[in-house]
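1. please find the sequence and the predicted model below.
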Amino acid sequence: MINEKTDSVKEERISSTSQRLKNTKRDSWKIAGDLPSSFKYALQGLVYTYGTQRNFRIHILISTIVLGLIFWLKLSLIKSAILVLTISSVLILELINTAIEAVVDLSIGRQFHRLAKIAKDCAAAAVLVASISALLIAFLILVPPLLIHLGS
């Protein structure tokens, strides 16, 4: 009796998941007919990336700290803009990296392919280069006023 109930619950869960996947597949081929739909799909991409990519969450945390420092140190508009553009570039590249990984995984499945590895590694390298650049830019812009602020 208990096994029948458990099997029934499992079947129901599988059926529900299967239905959601079918709906997602159906929706994935739709072209956003209006602006709110476009924003909805973009938000879904952000939510997916935030929920599945540890590095994206780390970048968000560091970005929040840097934005807090911008306001706390009362940086000039130009310095603030440079930092915001730098933050944006890292986050954008992380989103593109996630998309590339998903497309590569979709096309080759669980098989190993040397070109798939190259695509994934190069996308990850782009994020790494942007992150190192962002760190250097943040260091150059934030450290001098931070030292002045903490010293006084």
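-> It's in.

2. switch to C-alpha atoms for all contacts and neighbour counts from now on
-> Noted.

3. counting neighbours, which bits of the helix or strand where Y48 lies end up buried?
-> Using DSSP states H and E, Y48 sits in helix 35-52. Residues of helix 35-52 classed as buried: 49-50 (neighbour count, 16 or more other Cα atoms under 10 Å).

4. show me what that helix is packed against.
-> Under the contact definition 3 or more Cα pairs under 8 Å, 6 or more residues apart in numbering; DSSP states H and E, helix 35-52 sits against helix 54-72, helix 77-108.

5. go through this structure and flag its longest helix.
-> helix 114-151 (DSSP state H).

6. state the mean pLDDT of that helix.
-> Taken as a whole, helix 114-151 carries a mean pLDDT of 96.

7. residues of that helix that come out buried?
-> For helix 114-151, a neighbour-count test (16+ other Cα under 10 Å) marks 116, 120, 123-124, 127, 130-131, 134-135, 137-138, 141-142 as buried.

8. ditto for stretch 64-72
-> Residues of stretch 64-72 classed as buried by neighbour count (16+ other Cα under 10 Å): 66-67, 69-70.

9. okay, the residue most central in space within the chain and I78: tell me how far apart.
-> To find the centre residue of the chain, average its C-alpha atoms and take the closest one (Cα atoms, centre = their mean): that gives T49, at 3.9 Å. Distance of T49 to I78, computed by Cα to Cα, to the nearest Å: 30 Å.

10. let's verify R110: helix, strand, or coil?
-> coil (DSSP: H, G, I helix; E, B strand; the rest coil).

11. that one: neighbour count?
-> Applying other Cα atoms under 10 Å, we find 8 other residues in the vicinity of R110.

12. low-confidence ranges, the chain, go.
-> Counting by pLDDT under 70, the chain contains low-confidence residues at 1-30, 152.

13. which other helices and strands does the longest helix of the chain contact?
-> Applying 3+ Cα pairs under 8 Å, 6+ apart, we find helix 114-151 packed against helix 54-72, helix 77-108.

14. I am finished for the moment; much appreciated.
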